[in-house]
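# Predicted coordinates and the sequence they were generated for:
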Protein chains: 4
Amino acid sequence: MHQREAQHMNFSHNETTTDYLKRVRQFMKEKVIPAEKAYFEHLEQPGQKWTQPPIMEELKAEAKAAGLWNLFLPEKEYGVGLTNLEYAPLAEAMGHSFIGPEVFNCSAPDTGNMEVLVRYGSEEQKKQWLEPLLAGEIRSAFAMTEPDVASSDATNMESTIKADGDDVILNGKKWWTSNAGHPNCQFFIFMGLSNPENGRHQQHSMVIVPRDTKGVDVVRMLHVFNNQDEPYGHGEVHFNNVRVPKENVIAGLGRGFEIAQGRLGPGRIHHCMRAIGASERALTLLCERATKRVAFGKPLASLGGNRDIIANSRIDIEMARLLTLQAAYKIDTQTVFGAMSDIAQIKVVAPNVLQRIVDAAMQIHGGAGLSNDFPLTALFGYARVLRLADGPDEVHRGMIAKFELKKYAQNDKSNAEKR
Amino acid sequence: MHQREAQHMNFSHNETTTDYLKRVRQFMKEKVIPAEKAYFEHLEQPGQKWTQPPIMEELKAEAKAAGLWNLFLPEKEYGVGLTNLEYAPLAEAMGHSFIGPEVFNCSAPDTGNMEVLVRYGSEEQKKQWLEPLLAGEIRSAFAMTEPDVASSDATNMESTIKADGDDVILNGKKWWTSNAGHPNCQFFIFMGLSNPENGRHQQHSMVIVPRDTKGVDVVRMLHVFNNQDEPYGHGEVHFNNVRVPKENVIAGLGRGFEIAQGRLGPGRIHHCMRAIGASERALTLLCERATKRVAFGKPLASLGGNRDIIANSRIDIEMARLLTLQAAYKIDTQTVFGAMSDIAQIKVVAPNVLQRIVDAAMQIHGGAGLSNDFPLTALFGYARVLRLADGPDEVHRGMIAKFELKKYAQNDKSNAEKR
Amino acid sequence: MHQREAQHMNFSHNETTTDYLKRVRQFMKEKVIPAEKAYFEHLEQPGQKWTQPPIMEELKAEAKAAGLWNLFLPEKEYGVGLTNLEYAPLAEAMGHSFIGPEVFNCSAPDTGNMEVLVRYGSEEQKKQWLEPLLAGEIRSAFAMTEPDVASSDATNMESTIKADGDDVILNGKKWWTSNAGHPNCQFFIFMGLSNPENGRHQQHSMVIVPRDTKGVDVVRMLHVFNNQDEPYGHGEVHFNNVRVPKENVIAGLGRGFEIAQGRLGPGRIHHCMRAIGASERALTLLCERATKRVAFGKPLASLGGNRDIIANSRIDIEMARLLTLQAAYKIDTQTVFGAMSDIAQIKVVAPNVLQRIVDAAMQIHGGAGLSNDFPLTALFGYARVLRLADGPDEVHRGMIAKFELKKYAQNDKSNAEKR
Amino acid sequence: MHQREAQHMNFSHNETTTDYLKRVRQFMKEKVIPAEKAYFEHLEQPGQKWTQPPIMEELKAEAKAAGLWNLFLPEKEYGVGLTNLEYAPLAEAMGHSFIGPEVFNCSAPDTGNMEVLVRYGSEEQKKQWLEPLLAGEIRSAFAMTEPDVASSDATNMESTIKADGDDVILNGKKWWTSNAGHPNCQFFIFMGLSNPENGRHQQHSMVIVPRDTKGVDVVRMLHVFNNQDEPYGHGEVHFNNVRVPKENVIAGLGRGFEIAQGRLGPGRIHHCMRAIGASERALTLLCERATKRVAFGKPLASLGGNRDIIANSRIDIEMARLLTLQAAYKIDTQTVFGAMSDIAQIKVVAPNVLQRIVDAAMQIHGGAGLSNDFPLTALFGYARVLRLADGPDEVHRGMIAKFELKKYAQNDKSNAEKR
């Protein structure tokens, strides 16, 4: 086969990615995966559900020392400065373990909060909150979703931010505030309605709220399929007349949506790549079981439609990965705003792929797949949450259709297309 | 957003592709699409079903003059020498019209036959058959599928090739021999069982059979959804004691499967990219109808689940394209044999994507979508054929699973993967 | 197993149905199926596309003599008076052949037109048009769908009916007017806008239009997947200042929608049961091919996911049949208006089941399944049309959801339902 | 609309069912649903996970007094003697609450065990074990599934039953032994390999094992999506040289499979009808949320494809119910062995319908749907387990296909079916 030099389009990782990927994978294999047992055993001890397993801090120190730290951040002044495209495969590799991302200081919602502070934070805010986050010394939460309204439409938000002298006063109920249970969680970024007099997307603001501020009440930790995802958890947090100085507003009142949108793009790349990593893990479990278990005289892999399931899973993973990499490339080259449809596309695809493969893996495992002997129910919960977090599938499909239909708004070319 | 230079991985076309793509698209828009009407009207005149519309020869001459000729062939000595990855987007662009590929001398099965002759043909064979094919002066057919056996398993083939002195004698029934009806079709490549004593994949051979050889009988032209795809058609061809000289055997007896496998890889890239082009056309038709037709006071695009359909169609096209480009890249860099799973993957994906989108477009068009006022039934037939041609979906899924399961054959790492 | 007498609910046919079903099946097997060949060969002769094959008239005479005639009509004064539930299995049996329904004078759109005339026709209309229809001497058409508007919303209809002295004057373009090509078709029931001043569903009327009325122009016969369904066909019919006496209005001006709705209920039972009969035929073809063709050393039925396909097809047919019988029972016991959701449900289910099974059967047949050697493409076209005829899937789903959501309109019981 | 008396086929419940259904529904509404809160609160108190909530015993006494007791049992000598068809709608009604079935002494696996003892038990066994079960004084478990082999193929079973003098000695590991954690659970029915010398389906036996027998070790209670289904639970139970008298063998050695098959038929009706009841509950939750939550200015029910989801859910429930009732009718009229395909069909359909609707309901609920504020994750776990319990979907599809393909084994009628 004749080969020529393809100057641009290329489906191989570049040298930077290749190098980091090798190192992250090795770290995952040698350090993280073997540490999972100790991590979860710590949490299962009486009274330790909401404490940080010491092994995590050890792993973080090692990852930091190895230069595998804050890899998600494209800004060179805060790290190695990988593009989204370069980072994406590393997120996938980290996604092979539930505890992977935190080890590399690459776990949500801290990553999004760091991005917000890097891009919109004041010098003061950076010093006080960004620096310890970057150092992995503290964690943080993002208080946006509300129990009493459909959060798929973010403009439904009912929480309020009112200026009062040099302060702002916050009120409202939030939930699905991930990390709220973590002992290291030191602050929330709270989003609420500050400027109802403005246009639809200039009415909201983001405010930094130290965790111990008066009026902040973590009323409970939510369950996800009976799991509280300790030690970070998902809190229902009530804010009752919470007063913080105006300096805690990020980038100025009314800029909440602008910040949110920028925040979500790279975060969705991370989520989706981790979901792809998790899909690979689920497929591995599926294939291992399918090749080892025997029924009716054959390994399960040789029975009925099981090979179709394996083939379709492989196809789905390949396609989801390529689509996510394409979206990452578009963010890198055209900004988040030029990649809106692409980001929505991956947000629909990747979690659904993961859910389908995990469901199939459960079926191959029989009852064992539903038990805690395998990580499948945890992976299922992860997939199921992702189909809602950062906007449900439905909202993203609506967005994709909107972009597609824009092409047809003003012109009439149907006759040309007919045969 | 920080940006750095991605040295390798890149989702933009390179300069060569960008340049050719611009020219092919322009030629399609300015020359090919406007010629469709004259082309099909020619065929509808009494007695002209199986004749070449003159407009086609005019378009071919123009394309050749414009250097848009034989672009599918990577071998530099026979053309511009594009890689599969470079050519793929051009195939997509040609796929926007049923008559596109022939215009550029890039239509099946001639493309596959040219590849076979380039790579396996003797000097004599090249001179006599390859040169006029490359020049677009003649067309050719590939006689492989048989009516009496399941062709999904190619080793079922019952046709025979027997050596007899300086000749070989061919016997057997073939069908789905595309191009058999074309007035320019000058020869068949016939595949049959020549060496039953050999191993399973060394038993068959390919032989060039001039169309007018005694004993070659095109008994009928098959219908596909009541359409005979004139003027090329799909023939049922019987070979009764057909005698040709041994020089017509390609590459030697017993090498049929080896040649077939090499032949099919790039051909599947072409088919799939054209299917993606056709999918884009179907989605365009769908969106145009959805934005113009009104029911219950709204354009159809604003009713029920129609936006979900549009969004899913866009996602499916993007993923199918990326997967096909990845497969093309693998063929270029790892040969067909390193890309077997990838090629099987796209062969499952692209035709099914096309079928789904065309079906959805029909639904949006109402009865009109099933009539000949729109190209949707023709596109449907094309998709439906593709799910069988070059192997049914089922065989390709089996192949993908086989490659996937190979990873699990010899090792036992399940404990490491469990949480 | 202990058994007791179930007084009411019962999944066996009653004696009437059992008796007729036996006779219809026997007639189908002994007379209709063997006649198919002669029927289609007649149509393929030059110049005979749009003529009635004599064998059909012979079969009709035999069916009439055997008392298997007009079985669809529940009114005892016009026949045997079967309920919809009793007739439904007979429609399924007739659906095993494309030419079955006409043999028993049970084919659309004549059945619907007869129902309309029985229930809404004047004595004069009954004498002139109903009687010859009941006798099978003439056929008829229903001119409702229009090319220029989305017919999924019937109120879009643009054709007009204007009173003018003792006449009404009709104008408009209609298409998908089935039977328009049949030589025996003697009249159209035309639907149009007569009373724009009325409420949304009292604006339209139905008018009987003899075929040879001045201004009636059958401009072309539409294709369905390249098939014109000769000899009855689907016409595009233009009505240009067509003048007929007011006596031809059915039931009075403004009652068109009322009549249409009553007309469609039983008709949908018939369509769906025939689709189920066609599904059984497709599954039979699939299983026969799957048990006879061999690939990779096994019958296709033993390869990959093919048994899942067979199992799912059996399940789908069983469920579609039961759902349709339930809808028939509801029409019988609660009238069409009490069965609106049920009728919409079967209209979504049955055609989609048929389409899926036919598609699967094609895949098992390979290329042969797309050719005219098997009836699969014809069955596919039938299924595809049914997903649009009498309202597209989407409209029916909307109707079902509307009925479902009505239950929740006024009450608040969510707390009671929560755990 | 004309109506006539349908003598047999009828889609209304008979008087017996109508009467019991009214009473069960009223009991569910007035007693059971209001008691759920107290029931679950009892279990959440420290140390009470594996104790019987007193409210349950109160409800049982009331249900017994009301004559709503042991309704599942067709044998008149042990209760009211309803047929499977008559009982089925009652099972659906009980399925609206997780605690419903036990209230009426109709919960698995006790129901199956009672059926086994009624039909195969010795007088002694009936006196000792059946009578207290019928009285609701004790509960029981069924030890069949094994952790170390694929239980989808029951002949894989590795547990052994060895005769030793007047005793049998049992060895083996079992899991998914539901009820093993219930304080009232007094015995297991253990299934194992006793006669390896016999034919494939005469090798196994069932033996009654009192819970406190030496060598019976409940090693742990399994999780299902992190839920242990307290207080009954699903145990992993090891049997180490467990010795019981030969009198505890049910019906004689080698008859295990025969008993198992008879046991599973009605049990699958029960499971499926309960799943349908659960599906109705999930759809109710979905619709309530969809009508109350507002996004983008509309209730969720009016956004995107949500009405399609509602319509499809309604259709799926109707079809699943009819199919299950048909299967019940076949068991009643043709025994379990005449209803094998039907039983397999419902076992595939009902759990999948429930899983789909619950998944859709979760999506409409947003994050709340994954939390413990709604019963959706519990319903999801129930559906997911059912797709595996009593045989995975795959095995049932294989069974259905086997029955379907039997029709084609010996004959050749394909030519008759071709057009």
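Thanks, I have it.

# for the helix or strand that residue A:190 is a member of, packing partners?
Using DSSP states H and E, residue A:190 sits within strand A:185-193. Here strand A:185-193 touches strand A:139-143, strand A:160-164, strand A:167-178, strand A:204-210, strand A:234-245, helix A:256-292, going by 3 or more CB pairs under 8 Å, 6 or more residues apart in numbering or on different chains; DSSP states H and E. Using the backbone N, CA and C atoms, a C-beta is placed for each residue, glycine as well.

# Just name the most buried of the ones you listed.
strand A:139-143 (a mean of 26; mean count of other CB atoms under 10 Å in any protein chain shown).

# Specify the stretch among the helices and strands packed on strand A:185-193 that is closest to chain B.
Ranking the helices and strands packed on strand A:185-193 by proximity to chain B (CB to the nearest CB) places helix A:256-292 first, at 4.5 Å.

# now the closest one against strand A:185-193, angle please.
Helix A:256-292 and strand A:185-193 are oriented at 120 degrees to each other (axes from the mean of the first three to the mean of the last three CA atoms, to 10 degrees).

# spatially speaking, which residue is in the middle of chain A?
residue A:271 (3.5 Å; CA atoms, centre = their mean).

# quick one: that one and residue A:387 touch, right?
No: counting by CB atoms under 8 Å, residue A:271 sits too far from residue A:387 to count as a contact (10.9 Å).

# Output the set of residues of chain A in proximity to chain C.
A:304-305, A:307-308 (CB under 8 Å from any CB of the partner chain).

# If we use 10 Å, what do you get?
A:303-309, A:311 (CB under 10 Å from any CB of the partner chain).

# okay, and the common contacts of residue A:271 and residue A:387?
A:347, A:350-351 (CB atoms under 10 Å, 6 or more residues apart in numbering or on different chains).

# Dump those residues into JSON lines; add pLDDT as well.
Shown next, in JSON lines, are the shared contacts of residue A:271 and residue A:387 (pLDDT from 0 to 100):
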{"residue": "A:347", "pLDDT": "97"}
{"residue": "A:350", "pLDDT": "98"}
{"residue": "A:351", "pLDDT": "98"}
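
# pLDDT below threshold where in chain A?
Filtered on pLDDT under 70, chain A yields the residue ranges A:1-8, A:410-419.

# Which parts of it are helices?
Remark: helices assigned in chain A by DSSP state H are A:15-27, A:33-44, A:54-65, A:84-94, A:100-103, A:110-120, A:123-125, A:131-134, A:256-292, A:306-334, A:340-365, A:376-386, A:393-406, A:414-417.

# ok, is the longest one in contact with chain B or not?
It refers to helix A:256-292. Yes: interface with chain B: helix A:256-292 contributes A:262, A:265-266, A:281-292 (CB under 10 Å from any CB).

# which residues touch the residue of the stretch 1-150 of chain A found nearest chain D?
Per CB to the nearest CB, residue A:150 is where the stretch 1-150 of chain A lies closest to chain D, at 4.0 Å. The neighbours of residue A:150, taking CB under 10 Å, 6+ apart as the test, are A:156, A:392, D:289, D:292-296, D:299-300, D:303, D:364-366.

# what's the neighbour count on residue A:37?
12 (other CB atoms under 10 Å in any protein chain shown).

# Revised request: answer the last question for residue A:45.
10.

# Same check on the one 3 residues further on?
The number of residues packed near residue A:48 is 14, by other CB under 10 Å.

# right, and it touches residue A:39 too?
No: contact criterion CB atoms under 10 Å: residue A:48 and residue A:39 do not qualify, at 11.1 Å.

# Overlap in contacts, those two.
residue A:231.

# How about residue A:391, nearest residue that isn't a chain neighbour?
Spatially, and ignoring its direct neighbours in sequence, residue A:391 is nearest to residue A:152 (6.3 Å; CB to CB, 6 or more residues apart in numbering or on different chains).

# residues in contact with the one you found?
Applying CB under 10 Å, 6+ apart, the residues near residue A:152 are A:145, A:388, A:391-396, A:398, D:293, D:295-296, D:300, D:303, D:363-364, D:366.

# One more: residue A:363?
With CB under 10 Å, 6+ apart, residue A:363 has these contacts: A:286, A:289, A:300, A:306, A:309, A:369-370, D:152, D:384, D:387-388, D:392-394.

# could you redo the last one with a cut-off of 8 Å?
A:369, D:387-388, D:392-394 (CB atoms under 8 Å, 6 or more residues apart in numbering or on different chains).

# For chain B, see how far away it is.
16 Å (CB to the nearest CB, to the nearest Å).

# give me the number of residues near residue A:407?
Neighbours of residue A:407 using other CB under 10 Å come to 12.

# can I assume it is in contact with residue B:288?
No: look at residue A:407 against residue B:288 with CB under 8 Å: they stay out of range, at 9.7 Å.

# Quick check: closest non-adjacent residue to residue A:400.
residue B:311 (3.8 Å).

# Which residues lie in contact with the one you found in this structure?
Residue B:311 touches A:344-345, A:348, A:396-401, A:404, counting by CB under 8 Å, 6+ apart.

# ranking those residues by neighbours, who comes first?
Ranking those using other CB under 10 Å puts residue A:345 first, with 29 neighbours.

# Correct me if wrong: residue A:405 contacts residue B:313.
No: contact criterion CB under 8 Å: residue A:405 and residue B:313 do not qualify, at 11.6 Å.

# Spit out the residues that contact those two alike.
Joint contacts of residue A:405 and residue B:313 (CB under 8 Å, 6+ apart) do not exist.

# Those two - which one has more neighbours?
Applying other CB under 10 Å to residue A:405 and residue B:313 shows that residue B:313 carries more neighbours, namely 24 against 19.

# Wait, the more buried one touches residue B:359, no?
No: counting by CB under 8 Å, residue B:313 sits too far from residue B:359 to count as a contact (10.5 Å).

# Let me know the angle separating the strand holding residue A:190 from helix A:110-120.
Going by the same axes, to 10 degrees, strand A:185-193 makes 60 degrees with helix A:110-120.
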